[in-house]
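> let me see the structure of the following:
(chains A and B)
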Amino acid sequence: MGALQSLPDEPEYREFTEKTGFSFEQIGILHKRFKQLSHNEDTLRRADIDTIPDLACNPIRTQIIEAFFDKRNFHQNGDGTVQEIGFEEFLVVMSHFRPPALNMTEEQRENIRREKLRFLFNMHDTDNDGTITLEEYRHVVEELLSRSGALGKETAKGIADAAMLEVASISMGHMEPDEFYEGITFEHFLKILKDIEIETRMNIRFLNMDTTTLCKEVGGTLIGENGLVLMTGVDLSYC
Amino acid sequence: MSTMGGLGQMKLSVYFLTIGLVLLSLPCGSYTEIQSKPPGTVTALPPVKHAEGPQAFPDAEKSNLPVFTMNYLRIQVPFEVTLWVLLASFAKIGFHVYHKVTFWVPESCLLISIGLIVGAIMHSVHEEPPAVLSSNVFFLYMLPPIVLESGYFMPTRPFFENVGTVLWFAVVGTLWNSIGIGMSLYAVCQIEAFEVQDINLQENLLFATIISAVDPVAVLSVFEDVSVNEQLYIVVFGECLFNDAVTVVLYNMFNFVADMPEVEPVDVFLGVARFFVVGMGGLGFGVIFGFVASFTTRFTSNVREIEPLFIFMYSYLAYLVAELFSISSIMAIVTCALTMKYYVEENVSQRSCTTIRHVVKMLGTISETLIFFFLGVVTITTEHEWNWGYIMFTLLFAFVWRGLGVLVLTQIINPFRTIPFNFKDQFILGYGGLRGAISFALVFTLPDSIGRKKLFVTTTICMIMFTVFIQGISIRPLIEFINVRRTNRNLDTINVEIHSRLMEHTIAGVEDLCGQWSHYYWKDKFLKFNNRILRKILIRDNRAESSIVALYKKLELQNAVEILDTVSGDINAAPSIVSLHKEKKGSGKPKRKFVAADLRNMHDILSKNMYNIRQRTTAYTTKHSLPNDSQTKEILIRRHTSIRRSLRPGSFHGPDEAKSQKYFSLPSGKSLDSKFPPQRLRHTGNGDDVTMSEVDYPSARSRFDQPSRSSSRAMLPLRRLNTLKEMPSSSVVDLVDERSGGRGAWGRGMSRLNSSSSDSRIPAPRRRHDPSNGPGNGSSGDHRPEGEEQQPLSPTPAWAAEPGDRDDSGTQKPLLMPQWNTRKPQNP
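Predicted coordinates:
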């Protein structure tokens, strides 16, 4: 990791490319961003991400941040959370959002699909027991609606409950009166979301150009105009 | 004598029109054996005959004081226009009698065919088609409705997600086609064998411009049917809209240039500059008028009856003013519609909103229908100049340049797209380049100074016929054959809805994290700006109207809420005991489990309440049909019946006023508005229209914020509420049914369900009005405590029926519990 701090190291990058599918340029840019976020440290902590001003208004920011520190998203075995992540982990988590290739087989598509849905699933399943319980579901929905002012928690609960029931009725089909629905398993999760073309939607266009500074400046002025968020140290230092 | 002439003329045209109508009824009859249909068209005949019946008399009695006179000349123009419109409309009815016809053959083909037949009849009786389609008529009256319709019903979210590609194809693609085809044709014109050397470069370019206006109405309707992927759809939709704008600009430019004896290089640069001035100017005017229109509708709450008029007048004004300055009027009207739509639909009442949509749709459709119809008529009745070489080469070049253009332009744009177009998409994109109404109208309105106008008209008609008939009919099988990527538009589950949101927020968040900004970023910024500034200015604030209207609304609302309260109070009495059990259990970590019967029932209810979600996805794109209201009406009816029924059992209004007040008052320090998005008041202004309106147009508003990244408070909640708002109504109905039919296991399930569903939803409307309305508090908010009051007193029969269930009733009703739990603390 030490090598990363200086100039990009070709072998290191090659390894990442193989692992995540990003191009060298993309890795370079992401690495720059990584260092920007981590204040030139080797590792990134939650607090670093917390200070991103744009993220402040995201209703599910805690879930997003947690996802970056969740071992399940690192393509390794193991679960639980870590306190800090290196650039490699950062890249691996990012790679969930890589757009799919233009031509891919049905099998690849299915894999990408599963991977992306797994990412979402993990955002729900905070205790990593393989199911999304009603409480977990409710929590996410509440967060999701937390910025919507008018909707109280009750509505969020109602929505989550209704959604859960829907899952149950879709995935279990006909259930006997004494059967219970434990929670959403990943298989069910796949099933209920099979209509949503996640492989074409959950993508981020990782640019090959370095637009970070450019965007930041424009973004900065916009934010200033709205008087919404104060620029924090991270961004100021790079503007 | 002049009257005589007029009469003769009238006789002829009436004669012809009658024939047209008769003729029209023939295909109707022959299309199908359905008996109900023909009467519709047949009954339309008598009025026409009436008009024609008395005509013989005036000749006979030419006395001093005419008892009966006719002055046909006076009414000729509107009369004929009306009959034409009527005829075209009947044609449309006719097509839909036998729906398989419209499934396989695009409507435009059928219209042209009918036009051809009518034209043949007119030709045989040596009747000239009315000179309705002149340049002025077309540009001032027929074009605006068409583009307004497209602009107004443009699916906003996909459009802004793909705006770059759309403009790329519309602007660069049209330029590419015009110049490419124009140059190639000019080259062909140099060949002596074709005898068209007299067509100079300017005229060729002008003609190429006309030819390159794509108008894929037929393709779009096929796209909708097979639900082709959204990216492809919106690119075709947007391209056809904006390339009209580009075409008209180019048309005017070349039209001007065609008159010039020679073109100097500086003119080319001026032309390019003008192109941008015209485009940007149109954009600017559109935005300005859009905002003015939105601002105006802030104040129209007292004049509901003319509210829709403002929308049309402002759009039209934008169009006319743009015409006045010779800037792109299409651009102006489209941007005007796009800009104001969102704000206007929040400001105006629900009925006005419906009216606006219907009228926009109606005008657009009729305009287009007429043009296609005329196309058919004119094909027969005008003189043609047939030139094999020129026509064939035009067809060839149009096809080749279109194909090349799509290929090249996608190669350039693909690296910038998140989801690139694959070859199938490109093929369909190229193949879908049908020519249509605009091309025809443009060529038909060419000035007579252009020497080969006849040839141009003939070629354009050939081009349109060829593309509309051959490509239009074959595109459906082709799409199915090559299996273009499709989007499932029927995303009608809550889960999909939730996860789309979740996904969008996640993407936005991760984009922030990795420092990449796409349209989500800009959308976020725009929404912030919108919420902080634009909405404040443009959207009527509830508190601002502190007049009698406001009071009236409150009373209305109170009334409605009272009725609703009674209903749910009634229902909640039964299952409330469950919640008691649950509460005793405390907040351990009980296993959340559902009884299957409950699930089924609830899913039934859910699916009933999915109407609006489904509508949101289907309502917005259909080019020639309006959102289906029947479902909403059903809900409305259901709710009414439920209210009526539940009122009968009597009310529980009792001693709990204090409690209820405490419970339902807002947390201190919060303003009413922070709790409720302003939109909601709008619905309530309509009295009984409340339910209707909520289900009816969720699409309109939600479309805008669909992928919103930072859920803005005012926009996001709305759909959520809508989704669930209907819950009580249908569940109420079911429950009431149950109750009257004795309480079985079913009844129990339902009522349990009900309590949970209504718990979470009913409070919304109530809260909204309570605090604002002191005296009304007691009566309106008192149902809830009743339920609680009753719990200890009377375990309901439903529970008694199955005592075995009782211990785990707590675990069985997980859905119910949390609502009660959270409520309790507020209710000491």
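> contacts, neighbours, all on C-alpha from now
Noted.
> residue ranges with poor pLDDT in chain B?
In the predicted model of chain B, residues B:1-63, B:129-133, B:487-495, B:497, B:514-525, B:531-532, B:540-828 satisfy pLDDT under 70.
> where's the spatially closest residue to residue A:82 that is not a sequence neighbour relative to residue A:84, distance?
What sits nearest to residue A:82 in space, not counting adjacent residues and going by Cα to Cα, 6 or more residues apart in numbering or on different chains, is residue A:69, at 5.4 Å. Distance of residue A:69 to residue A:84, given as Cα to Cα, to the nearest Å: 7 Å.
> neighbour count for these two, which is higher?
Neighbour tally, residue A:69 and residue A:84, criterion other Cα atoms under 10 Å in any protein chain shown: the higher count belongs to residue A:69, 22 against 16.
> show me what contacts that one?
A:81, A:82, A:83, A:84, A:85 (Cα atoms under 8 Å, 6 or more residues apart in numbering or on different chains).
> can you flag the buried ones in these?
When these are checked for burial by 16 or more other Cα atoms under 10 Å in any protein chain shown, the buried set is A:81, A:84, A:85.
> re the thing from before, same list (the contacts of residue A:69) but as JSON lines, adding distance to residue B:124.
Shown next, in JSON lines, are the contacts of residue A:69 (distance: Cα to Cα, whole Å):
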{"residue": "A:81", "distance to residue B:124": "85"}
{"residue": "A:82", "distance to residue B:124": "87"}
{"residue": "A:83", "distance to residue B:124": "88"}
{"residue": "A:84", "distance to residue B:124": "87"}
{"residue": "A:85", "distance to residue B:124": "84"}
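> as TSV, those residues with pLDDT and secondary structure would be great.
Output for the contacts of residue A:69, formatted as TSV (pLDDT from 0 to 100; DSSP: H, G, I helix; E, B strand; the rest coil):
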residue	pLDDT	secondary structure
A:81	75	strand
A:82	77	coil
A:83	79	coil
A:84	78	strand
A:85	80	strand
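> what's the most distant pair in those?
By the measure Cα to Cα, A:81 and A:85 form the most distant pair in the contacts of residue A:69, at 10.0 Å.
> the closest residue to chain A within the stretch 301-450 of chain B: what secondary structure?
Here the stretch 301-450 of chain B gets closest to chain A at one residue, residue B:418, 5.4 Å apart by Cα to the nearest Cα. The assignment at residue B:418 comes out as coil when based on DSSP: H, G, I helix; E, B strand; the rest coil.
> all helices of chain A, in order?
Listed in chain order, the helices of chain A (DSSP state H) span A:2-5, A:10-20, A:24-37, A:46-50, A:61-68, A:87-94, A:106-124, A:134-145, A:153-172, A:186-192, A:198-201, A:212-226, A:233-238.
> in terms of mean pLDDT, which of the ones you listed ranks lowest?
Lowest mean pLDDT of the helices of chain A: helix A:233-238, a mean of 30.
> number of residues surrounding residue B:216?
24.
> for residue B:484, same thing?
Under the neighbour criterion other Cα under 10 Å, residue B:484 is assigned a count of 20.
> you'd agree it is in a helix?
No - under three-state DSSP, residue B:484 falls outside any helix and is assigned coil.
> excluding residues flanking it in the chain, which one is nearest it?
Counting by Cα to Cα, 6+ apart, residue B:424 is the residue found nearest to residue B:484 once chain neighbours are left out, at 6.1 Å.
> doesn't that neighbour lie inside a helix?
Yes - counting by three-state DSSP, one finds residue B:424 located in a helix.
> what number of residues lie near residue B:256?
For residue B:256, using other Cα under 10 Å, the count is 12.
> which element, helix or strand, includes it?
Taking DSSP states H and E as the criterion, the element that holds residue B:256 is helix B:230-259.
> buried residues, that helix. List them.
B:230-255, B:257-258.
> ditto for stretch B:209-219
B:209, B:210, B:211, B:212, B:213, B:214, B:215, B:216, B:217, B:218, B:219.
> from those residues, which land in strands?
Of those, none are assigned to strands by DSSP state E.
> tabulate these in CSV, adding columns for distance to chain A.
CSV is the format used below for these (distance: Cα to the nearest Cα, whole Å):
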residue, distance to chain A
B:209, 34
B:210, 35
B:211, 33
B:212, 30
B:213, 30
B:214, 28
B:215, 28
B:216, 26
B:217, 27
B:218, 26
B:219, 23
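> you'd agree residue B:307 is up against residue B:350?
No - if you go by Cα atoms under 8 Å, residue B:307 and residue B:350 don't touch, sitting 10.8 Å apart.
> coming back round to it: so how far is residue B:365 from the residue nearest to residue B:484?
30 Å.
> what about these two, which has more around it?
More neighbours surround residue B:365 than the other of residue B:424 and residue B:365, with 19 against 14 (other Cα under 10 Å).
> now the one helix or strand that one maps to: buried residues?
Using DSSP H and E, the element containing residue B:365 is helix B:350-381. Within helix B:350-381, the residues scored as buried using 16+ other Cα under 10 Å are B:350-354, B:356-381.
> same question, stretch A:20-39
Residues of stretch A:20-39 classed as buried by neighbour count (16+ other Cα under 10 Å): A:20-24, A:26-38.
> hang on, the earlier thing: other SSEs contacting the following helix or strand past the helix holding residue B:256?
Next along the chain after helix B:230-259, taking DSSP H and E as the criterion, comes helix B:265-297. Under the contact criterion of 3 or more Cα pairs under 8 Å, 6 or more residues apart in numbering or on different chains; DSSP states H and E, helix B:265-297 touches helix B:230-259, helix B:307-324, helix B:329-347, helix B:535-538.
> now helix B:265-297 and helix B:230-259, what's the angle there?
When axes from the mean of the first three to the mean of the last three Cα atoms, to 10 degrees is applied, the directions of helix B:265-297 and helix B:230-259 differ by 130 degrees.
> residue B:510 touches residue A:63, doesn't it?
No - checked against Cα under 8 Å, the pair residue B:510 and residue A:63 is beyond contact range at 10.9 Å.
> who touches both of these two?
Counting by Cα under 8 Å, 6+ apart, residue B:510 and residue A:63 have no common neighbour.
> look at residue B:526 and say how many residues are nearby.
Neighbour number of residue B:526 under other Cα under 10 Å is 14.
> so what's it up against?
Neighbour list for residue B:526: empty [criterion: Cα under 8 Å, 6+ apart].
> measure it to residue B:297 for me?
Distance from residue B:526 to residue B:297, by Cα to Cα: 22 Å.
> same deal with residue B:359?
17 Å.
> now do residue A:25
51 Å.
> same question for residue B:486.
39 Å.
> which one's more surrounded, the two?
Neighbour totals were compared for residue B:486 and residue B:297, and residue B:297 leads with 27 against 17 (other Cα under 10 Å).
> please identify which helix or strand holds the residue in the stretch 1-150 of chain B positioned nearest to chain A.
Going by Cα to the nearest Cα, chain A is nearest to residue B:103 of the stretch 1-150 of chain B, at 25.5 Å. Applying DSSP H and E as the criterion places residue B:103 in helix B:99-104.
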